[in-house]
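Enquirer: 3D, please:
(2 chains)
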Amino acid sequence: MIELYLFLVFTIIAAIVATEIKDLLAAVISLGAVGFSVAIIFVLIQAPDLAIVQIVIEVLTIVIFVAVILRTTHIDETIGKKLSGTHIFSIVLYAVFALLFLIVIFRSFQEMPDFGNPIMRVASEYIRLGLPQTGGANIVADVILDFRALDTLGEATVLFTAVIGVVALMRKSGRKK
Amino acid sequence: MIVFVSCIILFLIGLYAVVTKRNLIKIAIGFALIEYAINLFFALVGFKRGALAPIITRLDTPHNFVDPIPQALVLTAIVIALGTTALMLTIILRIYSHYKTFDIAEIKKLRG
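Expert: Next up is the predicted model:
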């Protein structure tokens, strides 16, 4: 599993570059590097459905980001400015929260099953009943389209609402100048 | 364990961008990083060492699959992440066309 660790380290480095670089286009390209290495990690941990969806969604995300940046500006002019009081306060607040969060997460990781040994109490039922009850060979597709179909309906509702919001904000006619 | 901790580090980098950055595009990038971190964490929780992808190809052998439920949940979450990111960037575009800046301190100053 050495390649998994390599890609995780690469993901963290690309994320730091994406947050700290001055050129916004370069930041978005670093975000794309994070997303595609996440897709490769999905392949490595035996999740091909997730990898396919992640690649498609990543391409669309980068296209939307680049479209916004090309219509506006690609220089982050806030980097290098003098720190204001609220800015320093937010950094302190973040540091305190990150410390508390790490303490809580380390305590809760003691209770979790180790990496590579999931509990799979519900999943074993789905794997046993997937093919006989739904007729689908892909268990992930069985879960999202049959066992948890209402969850997928909710997802479609959220996506539809988001698309309505985008269309309403981007429309040309009916806007007051 | 160290795999989960690296996911949490990715989450904290995204949270750092959301909380402390003053550029709206950087804040949107931070939200995207948080989404990747959570999706990756869920998918890694369901990983089983030596198991195959949850697709039935042979009926005669016993099934040895990774956990399919986190994968199904993350599949939903990835698609929703695209919708929220698109809506967020559209609002950012409208803010820029009104204020001509991405700096949230300037946007606060120019109210009215």
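Enquirer: any idea whether the spatially most central residue of chain A is helix, strand or coil?
Expert: With distances taken as Cα atoms, centre = their mean, the residue of chain A nearest its centroid is A:Gly35 (7.6 Å). Using DSSP: H, G, I helix; E, B strand; the rest coil, the three-state assignment for A:Gly35 comes out as helix.
Enquirer: nearest residue to it other than its sequence neighbours?
Expert: In this structure, A:Gly35 finds its nearest non-sequential neighbour in A:Glu58, 3.7 Å apart by Cβ to Cβ, 6 or more residues apart in numbering or on different chains. C-beta coordinates here come from the backbone N, C-alpha and C atoms, glycine included.
Enquirer: Tell me, how many residues neighbour the one you found?
Expert: Neighbourhood size, A:Glu58 [other Cβ atoms under 10 Å in any protein chain shown]: 22.
Enquirer: That one contacts A:Gly32, correct?
Expert: Yes: the criterion here is Cβ atoms under 8 Å, and A:Glu58 meets it with A:Gly32 at 6.4 Å.
Enquirer: Show me how far the helix-or-strand element of chain A with minimal mean pLDDT is from its chain's centre.
Expert: Comparing every helix and strand of chain A by mean pLDDT, DSSP states H and E singles out helix A:121-134 as the least confident one, with a mean of 87. Distance of helix A:121-134 from its chain centroid, counting by Cα atoms, centre = their mean, to the nearest Å, is 28 Å.
Enquirer: ok, residue 37 - contacts?
Expert: Since no chain was named, I'll use chain A. Applying Cβ atoms under 8 Å, 6 or more residues apart in numbering or on different chains to A:Ser37 gives the contacts A:7, A:10-11, A:14.
Enquirer: think we crossed wires, I meant chain B
Expert: For B:Ala37, the contacting residues are B:7-8, B:10-11, B:14, by Cβ under 8 Å, 6+ apart.
Enquirer: quick one: average confidence on stretch A:135-146?
Expert: For stretch A:135-146, mean pLDDT is 89.
Enquirer: So for chain B, the centremost residue is which one?
Expert: The centroid of chain B falls nearest to B:Glu35 when counting by Cα atoms, centre = their mean (1.2 Å).
Enquirer: And the helices in chain A, which stretches?
Expert: A:2-20, A:24-44, A:48-71, A:85-109, A:121-134, A:139-142, A:149-170 (DSSP state H).
Enquirer: Over to chain B?
Expert: Assigned by DSSP H, the helices in chain B fall at B:2-20, B:24-45, B:68-99, B:104-109.
Enquirer: Which of those sits closest to A:Leu169?
Expert: Closest of the helices of chain B to A:Leu169 is helix B:68-99, at 4.6 Å (criterion: Cβ to Cβ).
Enquirer: re the thing from before, how big is the angle separating the least confident helix or strand of chain A from helix B:68-99?
Expert: 100 degrees (axes from the mean of the first three to the mean of the last three Cα atoms, to 10 degrees).
Enquirer: Can you tell me which helices and strands helix A:121-134 packs against?
Expert: Judged by 3 or more Cβ pairs under 8 Å, 6 or more residues apart in numbering or on different chains; DSSP states H and E, helix A:121-134 is in contact with helix A:139-142, helix B:68-99.
Enquirer: and those helices, which is most packed in?
Expert: helix A:139-142 (a mean of 24; mean count of other Cβ atoms under 10 Å in any protein chain shown).
Enquirer: Run through who's touching that helix.
Expert: Residues from elsewhere that reach helix A:139-142, judged by Cβ under 8 Å, 6+ apart: A:49, A:126-127, A:130-131, A:134, A:136, B:54-56, B:65, B:68, B:71-72, B:75.
Enquirer: right, and out of these, which lies closest to A:Ser90?
Expert: Of all these, B:Leu75 has the smallest distance to A:Ser90: 34.1 Å, by Cβ to Cβ.
Enquirer: And that closest one, how close does it get to A:Glu58?
Expert: Using Cβ to Cβ, to the nearest Å, B:Leu75 is found at 14 Å from A:Glu58.
Enquirer: And for A:Ala95?
Expert: Applying Cβ to Cβ, the value for A:Ala95 to A:Glu58 is 31 Å.
Enquirer: nearest to B:Ala105, of the contacts of helix A:139-142?
Expert: Nearest to B:Ala105 among the contacts of helix A:139-142: B:Leu75, at 38.6 Å, using Cβ to Cβ.
Enquirer: Who's the closest spatial neighbour of B:Thr76, skipping the chain neighbours?
Expert: In this structure, B:Thr76 finds its nearest non-sequential neighbour in A:Glu155, 4.5 Å apart by Cβ to Cβ, 6+ apart.
Enquirer: wait, the one you found sits on B:Val79?
Expert: Yes: contact criterion Cβ under 8 Å: A:Glu155 and B:Val79 qualify, at 6.2 Å.
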